[in-house]
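**Q** Could you work out the structure for the sequence below:
(one chain, ligands or ions: 1)
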Amino acid sequence: MILDFKVSHLKKWHQPTNSNQALIHFIKQAQNNAGFSNLELVKRMGFRNTNKAMRRLHHFERSGQLAPIYRQKIIQVLGLNKADIEQIEQQHSDHQWLQLALFIRHFNQIWSHRKMIVRHPDYANVSFPGLYLSVAYLQVPNYNLGLLLQHYMNGDWMESSVCCGDFHIVGAGGSPLSGRNTCHGFCGQCQNQKHYTTAQFGTLLKAHKAIKPVCEQRLTDKTMTDLLRDFSLLID
Ligand SMILES: [Zn+2]
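**A** This next block holds a predicted model:
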């Protein structure tokens, strides 16, 4: 199934997924620290129907969406601070999609500077919400612009049958085991963004495993806005 959406709908579509990527990490970390298995966690949450509760928990691990009652109980059981969770959500909702929109709008110019960008740690390590690889049960490093451009340069993370031009995948998540995989990205031709379930997740993972970053992987203070300004691609 392919779900099209306009840029104006992006926030609505992706805000829960992305803000909750941080939330998933935050809660799983707390769960790990507490030493609770998933089953133990839902039992402590007081749910009698553990199968149903486990399905909800798995849904949360994929989508980051929790029904209010689950959220409240998880906070209680893991001894979390509600304000911390609200802060995580706030941080991610603030200008969340601006950097992604800039990347897509200026992609052709960024592409023309790709060889320099992938080699320069300050630019290659630029990241933004929406740029990610998330794999259930596996640790995946933070994704960044350099890795993404390297994929495109290898002809990976691109699909030709999704839109009118080469479709560039920017973010992908899922579980190779359950087969529940999604990705999103943009068309290089019409710049439309799409979010869809993908049967190609294994191919994306394979490319990820094969990639050898051409520069040091580290944090950078640079943002997409900085990169565009430094390359004189953004004039404001
Ligand atoms: Zn298109």
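**Q** residues in this structure within reach of the ion, list them.
**A** 163-164, 187, 189-190 (C-beta under 5 Å from the ion). (C-beta placed from N, C-alpha, C; glycine too.)
**Q** now that we have those, which one has the most neighbours?
**A** Per-residue neighbour counts (other C-beta atoms under 10 Å) across these peak at Cys163, which has 21 neighbours.
**Q** so who does that residue touch?
**A** By C-beta atoms under 8 Å, 6 or more residues apart in numbering, the residues touching Cys163 are 187, 189-190, 192, 194.
**Q** which one in the chain is furthest away from the centre?
**A** Of all residues in the chain, Arg48 has its C-alpha farthest from the mean position, at 32.9 Å, by C-alpha atoms, centre = their mean.
**Q** Identify the residues contacting the strand or helix carrying Tyr152?
**A** For Tyr152, the host element (DSSP states H and E) is helix 145-153. Contacts to helix 145-153, defined as C-beta under 8 Å, 6+ apart, come from residues 103, 110-111, 114, 117-118, 123-127, 131, 157-158, 168-170, 207-208, 211, 213-215, 224, 227.
**Q** Could you chop the protein up by domain?
**A** What the record gives for the chain is the domain set 9-93, 98-230, from automatic domain parsing.
**Q** most neighbours per residue, which of those?
**A** Counting by mean count of other C-beta atoms under 10 Å, domain 98-230 has the highest mean neighbour count of the domains of the chain, with a mean of 17.
**Q** which residues of this protein fall in helices?
**A** Remark: helices assigned in the chain by DSSP state H are 10-34, 38-44, 50-63, 68-78, 82-93, 98-105, 107-112, 114-119, 121-124, 145-153, 201-210, 224-230.
**Q** Redo these as TSV? Include mean pLDDT.
**A** Compiled in TSV, those are given as follows (pLDDT from 0 to 100):
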stretch	mean pLDDT
helix 10-34	67
helix 38-44	93
helix 50-63	87
helix 68-78	90
helix 82-93	78
helix 98-105	91
helix 107-112	96
helix 114-119	97
helix 121-124	96
helix 145-153	98
helix 201-210	93
helix 224-230	94
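**Q** got those helices as TSV, with distance to Tyr137 columns?
**A** Shown next, in TSV, are those (distance: least, C-beta to C-beta, whole Å):
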stretch	distance to Tyr137
helix 10-34	11
helix 38-44	11
helix 50-63	9
helix 68-78	19
helix 82-93	22
helix 98-105	26
helix 107-112	32
helix 114-119	29
helix 121-124	27
helix 145-153	21
helix 201-210	12
helix 224-230	30
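**Q** so which of the ones you listed comes closest to Val135?
**A** Nearest to Val135 among these is helix 201-210; the distance by C-beta to C-beta comes to 6.7 Å.
**Q** Check which helices and strands that closest one is in contact with.
**A** strand 132-135, strand 167-174, strand 181-187 (3 or more C-beta pairs under 8 Å, 6 or more residues apart in numbering; DSSP states H and E).
**Q** Let me know which of the ones you listed is the nearest to Asn33.
**A** Among the helices and strands packed on helix 201-210, strand 132-135 sits nearest to Asn33 (C-beta to C-beta), with 20.6 Å.
**Q** helices or strands next to the closest one in the packing?
**A** Where contact means 3+ C-beta pairs under 8 Å, 6+ apart, strand 132-135 is packed against strand 167-174, helix 201-210.
**Q** How far off centre is it?
**A** Distance, stretch centre to chain centre, for strand 132-135: 6 Å (C-alpha atoms, centre = their mean, to the nearest Å).
**Q** Would you mind listing the outside residues contacting it?
**A** With C-beta under 8 Å, 6+ apart, strand 132-135 has contacts from 21, 140, 142-143, 171-176, 204-205, 208.
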